[in-house]
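Novice: here is a sequence with its predicted model. Questions after.
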Amino acid sequence: MSIMEENHGFMASERKWEMILKEWEFFKYTKKKPIKAAEVTSSKDEKHENVRYHSPQSDYLTISTKAPEEDSFLLEITNNAIAEAGSKPSPESINRLILLDRELFNNFCTKTCYTLQSDPVHQSIWRINVPQLAFSFDFVMHGILALSALHLAYLYPKKDFYVSRAQIHHQISLHRGGKLLPHMTQENCSGLCIFSILVAIYTLASPRKPEDFLLVGETGIAPWLLMFRGTHVIMESSLAALISGPLGPMYQDGFRRVQLRELPTNKPSTGEEQLNVLRHLIAETIPDRTTFDIYVKAIEELRKSFMAFNLYKYNHGATDAIMWVHRVPEKYLLLLRDREQESLCIFAFFCVLLDQMNSIWWGEGWSTHLMTQIHLLLNEEHRQWIWWPVRQVPILSN
């Protein structure tokens with residue numbers, strides 16, 4: 001019995017598998033040979049122009065290199081995942097893992113891509129340009145397969161093997177992409193930037209634990225956020241290449257959004273007015289000027305996000321929330337790690353922006369999850385400070 005069947009209940013009749021294989025023209029490019037191998041490797045048979053994938057205690061799976069370039073690349077990606085898992089799959093299991101990864105890629109290009117942003121231009125970038133980048137950078141391919149697997153796990157929650165597959169691809173993506181981040185160039189900047197965005201979305205889409213606080217953990221700033229903020233600092237040296245590259249329209253819109261945040265406004269939104277009230281409350285209770293200035297900076301960046309969202313709401317709830325995460329002072333995040341009462345109150349206002357993502361599968365539930373934790377951590381006095389955010393975002397009852 002295959003690994004997928006044993007561990008995850010991923011079962012189908014032989015006839016059904018044959019129908020799927022034929023639909024993807026799988027038999028056109030593959031054939032099996034009963035040759036034993038000692039380890040998971042790949043080798044090329046120059047005479048027959050074949051690539052042979054094999055695993056411990058299993059037969060070779062021979063793939064014709066005359067297959068389309070995309071097929072060969074996806075086979076390499078699957079082989080990476082097999083090696084990462086440290087398993088000993090049978091030839092039948094390898095076939096099914098190959099099919100599974102092709103399913104993930106197809107799902108990303110036909111479904112997941114449309115869920116990442118609602119702007120049609122940006123959707124086209126996710127549907128066409130990002131997969132093209134993935135065939136140049138394997139860490140991007142592993143990233144989109146990981147996210148697609150979580151999407152399918154959301155759509156089909158009983159099939160938990162999607163989550164385990166997502167974790168394998170995500171770990172490979174983190175390992176390979178993370179090593180390149182300090183070495184960003186004009187050639188790889190687009191791949192690394194989309195990689196950091198994929199990691200951020202993957203974090204939001206991953207199954208939550210009760211104690212998850214998104215931006216910080218017990219030891220400090222969350223690793224995904226450190227990487228996300230660091231990437232966007234490094235990429236400043238490659239802005240021209242990014243704007244002229246495959247992600248150009250996304251970054252041009254982002255720059256316009258930054259400019260919009262700096263515009264003066266004659267009619268502040270309710271969120272801006274309530275943030276001003278919060279600022280005065282903090283001023284009355286925080287005698288230390290340094291700490292107060294950190295809070296003021298965090299509130300001001302959040303005010304700009306509320307203002308920009310109020311001026312032009314279409315497609316930008318997620319953008320304005322993530323922009324605050326990127327621009328908020330690092331010292332504020334450390335205060336949030338320590339669960340300082342004032343930092344938690346500011347974070348509650350952030351949850352109002354985050355709630356705009358509640359209709360998206362990968363953002364669903366985060367605003368309520370965080371607001372519930374904030375409410376539990378605050379004392380009675382400071383709970384009164386967040387009466388407006390609590391009205392906007394429901395709290396889970398015990």
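Specialist: Arrived safely.
Novice: pLDDT (mean, whole number) over the longest helix seen in the chain?
Specialist: Longest helix in the chain by number of residues, with DSSP state H as the criterion: helix 289-311. Helix 289-311 comes out with an average pLDDT of 92.
Novice: buried residues, it. List them.
Specialist: 291-292, 294-296, 298-299, 301-310 (16 or more other Cβ atoms under 10 Å). In short, each C-beta sits where N, CA and C put it, glycine included.
Novice: is it true that E84 touches R165?
Specialist: No. The pair E84 / R165 is not scored as a contact, 10.9 Å apart, by Cβ atoms under 8 Å.
Novice: count of residues packed around R391?
Specialist: 10 (other Cβ atoms under 10 Å).
Novice: remind me which helix or strand it belongs to.
Specialist: helix 387-392 (DSSP states H and E).
Novice: tell me who's in contact with the closest residue to L242 other than its chain neighbours.
Specialist: Residue nearest to L242 in three dimensions, not counting chain neighbours: Y251, with 5.1 Å by Cβ to Cβ, 6 or more residues apart in numbering. By Cβ atoms under 8 Å, 6 or more residues apart in numbering, the residues touching Y251 are L239, L242, I243.
Novice: the last one contacts D253, correct?
Specialist: Put plainly, it is I243. No. Look at I243 against D253 with Cβ under 8 Å: they stay out of range, at 10.9 Å.
Novice: let me see the residues that make contact with the helix or strand that comes right after the longest helix of the chain.
Specialist: As assigned by DSSP H and E, the chain's next helix or strand after helix 289-311 is helix 317-327. For helix 317-327, contacts defined as Cβ under 8 Å, 6+ apart pick out 117, 200, 215, 225, 228-229, 232, 254, 257-258, 261, 301-302, 305-306, 308-309, 350, 353-354, 356-357, 360, 363.
Novice: in helix 317-327, what's buried?
Specialist: Residues of helix 317-327 classed as buried under the neighbour-count rule (16+ other Cβ under 10 Å) are G317, A318, T319, D320, A321, I322, M323, W324, V325, R327.
Novice: hey, C-alpha coordinates of it in PDB?
Specialist: Taking C-alpha atoms only, helix 317-327 is exported to PDB below (Å, rounded to 0.1, in the frame of the first residue of the first chain):
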ATOM      1  CA  GLY A 317      -7.700  46.000   3.000                       C
ATOM      2  CA  ALA A 318      -4.800  43.500   2.900                       C
ATOM      3  CA  THR A 319      -2.400  46.000   1.500                       C
ATOM      4  CA  ASP A 320      -3.000  48.600   4.100                       C
ATOM      5  CA  ALA A 321      -2.800  46.000   6.900                       C
ATOM      6  CA  ILE A 322       0.500  44.500   5.600                       C
ATOM      7  CA  MET A 323       1.900  48.000   5.000                       C
ATOM      8  CA  TRP A 324       1.600  48.800   8.700                       C
ATOM      9  CA  VAL A 325       3.300  45.500   9.600                       C
ATOM     10  CA  HIS A 326       6.200  46.500   7.300                       C
ATOM     11  CA  ARG A 327       6.500  50.100   8.600                       C
END
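Novice: centre of the chain versus that helix, how much separation?
Specialist: 14 Å (Cα atoms, centre = their mean, to the nearest Å).
Novice: got the confidence number for P207?
Specialist: pLDDT recorded at P207 is 92.
Novice: any idea of the pLDDT on the residue nearest to Y154 when sequence neighbours are not counted?
Specialist: Counting by Cβ to Cβ, 6+ apart, Y154 lies nearest to W361, which is 5.0 Å off, once chain neighbours are set aside. Looking at W361, its pLDDT stands at 96.
Novice: before we move on, back to that, which one's more surrounded, E84 and R165?
Specialist: R165 (28 against 16).
Novice: who are the packing partners of the helix or strand that contains the more buried one?
Specialist: In this structure, R165 sits in helix 161-180 according to DSSP H and E. Counting contacts by 3 or more Cβ pairs under 8 Å, 6 or more residues apart in numbering; DSSP states H and E, helix 161-180 packs against helix 3-8, helix 69-85, helix 91-107, helix 138-155, helix 189-205.
Novice: looking at the ones you listed, which is buried most?
Specialist: helix 138-155 (a mean of 25; mean count of other Cβ atoms under 10 Å).
Novice: tabulate the contacts of Y251 in CSV, adding columns for distance to S269.
Specialist: Converted to CSV, these look like this (distance: Cβ to Cβ, whole Å):
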residue, distance to S269
L239, 30
L242, 31
I243, 30
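Novice: just the buried members of these?
Specialist: Among these, the ones that count as buried (16+ other Cβ under 10 Å) are L242.
Novice: now render the contacts of Y251 as a markdown table, adding distance to K267, pLDDT and secondary structure.
Specialist: Output for the contacts of Y251, formatted as a markdown table (distance: Cβ to Cβ, whole Å; pLDDT from 0 to 100; DSSP: H, G, I helix; E, B strand; the rest coil):
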| residue | distance to K267 | pLDDT | secondary structure |
| --- | --- | --- | --- |
| L239 | 33 | 85 | helix |
| L242 | 34 | 90 | helix |
| I243 | 33 | 91 | helix |
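Novice: great, nothing more from me.
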